[in-house]
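A.B. asks: Predicted model and sequence follow; I will ask about them next.
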Amino acid sequence: LSLQDLIEEGNIGIIQAAKRFDPSREVKFITYAVWWIKQAIVHSLASYAGAVKLPVKQAVKMHRGLKISKILAQSLGQEPTQSEIARHQKLSMYEYENIMRGYQKQLSLDTPLKNGEDTTYLELLEKQDAIPCDEQVIRQELNSKISALLMNLPEREKEILRMRFGFDGEAKTLEEIGRKIGVSRERVRQIEKRAKEKLKRKSNSKTSFEPLS
């Protein structure tokens, strides 16, 4: 799994975030999109890790268990027991054992990403959790990706999505956008829906770079 593959998975995460984001909720799109990007990358790594694929939720719990094990080993000065790890994860022993059985069937997360490289799957996941939460840094990175994803949309659809999701600042309501561009609230809603459908088609095809008419 190459770095470019992971970047592509992150792009898919952005598209999923754009499809599902509800501007009426008091959550910034940046925060919402970062969660979807991480989920897309974790899903990709979990699927690639071995022939037996784990559900995403199970893969995330497995990763957390491995991290908790490392933290407890450092604080206790010895390897923690399974019951200690399960307790810190708030899991029953039955749930914990099921998760770890899945792990035993996977490619070790300590395995290098590629031959001749030192970075492991676990280190990459940990780096994802350690992404700085400085919103300006995240906003700049996401804006460049979002611009690339929206570049093939018609100008009006692109403008409405950017205002609706607050890509360039605070998210705007349908009424506010309508007043700004001189159309009704319902017309803005229709254009937004159409643009989201185009993004959905793009995410399903993954490789489509044709203009989205």
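C.D. replies: The structure has been received and is ready for your questions. Numbers count the residues shown, from 1 in each chain.

A.B. asks: can I assume residue 80 is in contact with residue 70?
C.D. replies: No. Checked against C-beta atoms under 8 Å, the pair residue 80 and residue 70 is beyond contact range at 9.3 Å. From N, CA and C alone the C-beta is placed, and that goes for glycine too.

A.B. asks: Overlap in contacts, those two.
C.D. replies: Here residue 80 and residue 70 have no joint contacts, going by C-beta atoms under 8 Å, 6 or more residues apart in numbering.

A.B. asks: Is residue 13 in contact with residue 32, as I believe?
C.D. replies: No. Assessed by C-beta under 8 Å, residue 13 is found out of contact with residue 32, at 10.5 Å.

A.B. asks: just to revisit the earlier point, which one's more surrounded, residue 80 and residue 70?
C.D. replies: Using other C-beta atoms under 10 Å as the criterion, residue 80 and residue 70 rank with residue 80 on top: 18 against 14.

A.B. asks: hang on, the more buried one is in a strand, isn't it?
C.D. replies: No. Using DSSP: H, G, I helix; E, B strand; the rest coil, the secondary structure at residue 80 is coil, not a strand.

A.B. asks: Tell me how far it lies from residue 98.
C.D. replies: Using C-beta to C-beta, to the nearest Å, residue 80 is found at 18 Å from residue 98.

A.B. asks: Kindly report the same for residue 86.
C.D. replies: Distance, residue 86 to residue 98, by C-beta to C-beta: 11 Å.

A.B. asks: Among the two, which residue is more densely surrounded?
C.D. replies: residue 86 (21 against 13).

A.B. asks: What are the structural domain limits within the protein?
C.D. replies: 3-129, 135-205 (automatic domain parsing).

A.B. asks: Below-threshold pLDDT in this structure: ranges please.
C.D. replies: Along the chain, the model assigns pLDDT under 70 to residues 1-7, 26, 42-60, 63, 101-145, 168-169, 202-213.

A.B. asks: how about the helices in it?
C.D. replies: With DSSP state H as the definition, the chain shows helices at residue ranges 3-20, 29-48, 56-76, 82-89, 93-104, 121-129, 135-150, 155-165, 174-181, 185-205.

A.B. asks: Am I right that residue 39 is in contact with residue 14?
C.D. replies: No. Look at residue 39 against residue 14 with C-beta under 8 Å: they stay out of range, at 11.4 Å.

A.B. asks: and the gap between residue 39 and residue 176?
C.D. replies: Counting by C-beta to C-beta, the gap from residue 39 to residue 176 is 30 Å.

A.B. asks: end-to-end on stretch 78-96?
C.D. replies: 20 Å (C-alpha to C-alpha, to the nearest Å).

A.B. asks: residues of that stretch that come out buried?
C.D. replies: 80, 85, 86, 89, 91, 96 (16 or more other C-beta atoms under 10 Å).

A.B. asks: ok, so what distance separates the first one from residue 61?
C.D. replies: Right, residue 80. 16 Å.

A.B. asks: phi, psi of residue 79?
C.D. replies: Reported as degrees, to the nearest 10, the phi and psi values for residue 79 are phi -70, psi 130.

A.B. asks: typed the wrong thing, it's residue 153
C.D. replies: phi -80, psi 150.

A.B. asks: Any idea how many residues pack against it?
C.D. replies: With other C-beta under 10 Å as criterion, residue 153 counts 20.
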